[in-house]
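Novice: Sequence and predicted structure are below.
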Amino acid sequence: MSGGRLSQKERQQIALGLADDLPYAEIARRLDRPTSTVTREVMRNGGPTGYQADAAHRATERRAHRPKQTTRRTQGKPLLAGNGRDAEAVRAYEELFTTLLTAQGLPKMASRVLTCLLIAEAGSLTAAELVQHLQVSPASVSKAIAFLEEQGLIRRERDERRRERYFADNDVWYQSTIASAQGIGRLAETARQGVPILGHGTLAGTRLENIARFSDFISETIFRAAEQVRDVLHTQAPPTEK
């Protein structure tokens with residue numbers, strides 16, 4: 001397996017791989033590098049849609065010649081890398097999970113905040129801790145928090161010091177799924193409202209009626225499935241008789 005810094009040629013191969021929509025693991029295999037190396041390289045230099053090999057190489061050269069100092073980014077690591085965790089492995093996984101959430105449609109900053117909350121041992125962080133760890137402005141964190149709350153992905157509470165803490169607890173995917181089902185239900189309702197306007201029996205009216213029926217079915221199915229799975233996962237096994 002190759003070691004050391006990435007060469008400019010390797011960065012060009014990464015750019016070609018991204019252009020071909022190859023997964024990080026496949027790009028890493030072709031370079032004989034760890035997947036985490038490719039993940040960090042891409043996320044440090046514009047992400048999968050903004051990565052440019054030459055610009056990434058120049059940026060790395062500048063960082064290599066910069067005087068070493070303790071940065072706020074380093075200070076943020078213990079927030080997620082405590083409890084005996086490997087700090088570099090946690091960082092690589094954080095970037096990998098963030099990339100996945102972004103690819104599935106979440107805004108980048110919302111993806112970064114949600115990932116932090118999911119992998120933090122307590123499942124919660126304050127705004128100040130998020131700002132410190134992510135090296136972003138309080139306004140950026142606040143905007144991401146508002147979006148995630150609207151999607152039902154997180155909740156907020158005040159701790160004993162009256163600070164607001166943000167939580168991604170065990171029900172996070174249940175809440176998100178319910179919010180998604182509600183959105184599909186609203187789509188069904190809106191589509192059905194257009195049927196009498198466009199005319200029953202017309203092509204457009206029939207099209208909207210089909211959208212409404214399909215969306216109703218999907219929404220109801222998601223609701224039932226989410227409730228069933230939640231009940232199963234929350235059922236405690238009876239104590240074993242001694």
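Specialist: Noted; the coordinates are in hand.
Novice: just the strands in this structure please.
Specialist: 124-126, 155-158, 164-167 (DSSP state E).
Novice: Switch these over to TSV; also include mean neighbour count, mean pLDDT and distance to residue 87.
Specialist: (Glycine included, C-beta is placed from N, CA and C.) What follows is those, written out as TSV (neighbours: other CB atoms under 10 Å; pLDDT from 0 to 100; distance: least, CB to CB, whole Å):
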stretch	mean neighbour count	mean pLDDT	distance to residue 87
strand 124-126	19	89	17
strand 155-158	12	85	28
strand 164-167	18	89	22
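Novice: For residue 123, grab the count of nearby residues.
Specialist: When counting by other CB atoms under 10 Å, one arrives at 16 neighbours for residue 123.
Novice: With residue 214 instead?
Specialist: Residues lying near residue 214 (other CB under 10 Å) number 14.
Novice: how about the strands of the chain, which one is nearest residue 36?
Specialist: Counting by CB to CB, residue 36 lies closest to strand 124-126 out of the strands of the chain; the figure is 23.0 Å.
Novice: Please name every helix or strand in contact with that closest one.
Specialist: helix 108-119, strand 164-167 (3 or more CB pairs under 8 Å, 6 or more residues apart in numbering; DSSP states H and E).
Novice: Determine which of the ones you listed approaches residue 194 most closely.
Specialist: helix 108-119 (31.2 Å).
Novice: Tell me the buried residues in the closest one?
Specialist: 109-119 (16 or more other CB atoms under 10 Å).
Novice: Can you spell out which helices and strands pack onto it?
Specialist: Counting by 3+ CB pairs under 8 Å, 6+ apart, helix 108-119 packs on helix 78-81, helix 87-103, strand 124-126, helix 127-134, helix 138-150, strand 164-167.
Novice: Contacts for that helix, please.
Specialist: 47, 79-80, 90, 93-94, 97-99, 101-102, 106, 123-125, 130, 133-134, 136, 140-141, 143-145, 147-148, 153-154, 166-168, 172 (CB atoms under 8 Å, 6 or more residues apart in numbering).
Novice: CA-only coordinates of that helix, as CSV, when you get a sec.
Specialist: Extracted in CSV, the C-alpha atoms of helix 108-119 (Å, rounded to 0.1, in the frame of the first residue of the first chain):
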residue,chain,number,x,y,z
LYS,A,108,-23.6,20.5,3.4
MET,A,109,-23.5,22.4,6.7
ALA,A,110,-26.6,20.6,7.9
SER,A,111,-24.9,17.3,7.1
ARG,A,112,-21.8,18.3,9.0
VAL,A,113,-23.9,19.3,12.1
LEU,A,114,-26.0,16.2,12.0
THR,A,115,-23.0,13.9,11.7
CYS,A,116,-21.4,15.5,14.7
LEU,A,117,-24.5,15.0,16.8
LEU,A,118,-24.9,11.4,15.6
ILE,A,119,-21.3,10.3,16.4
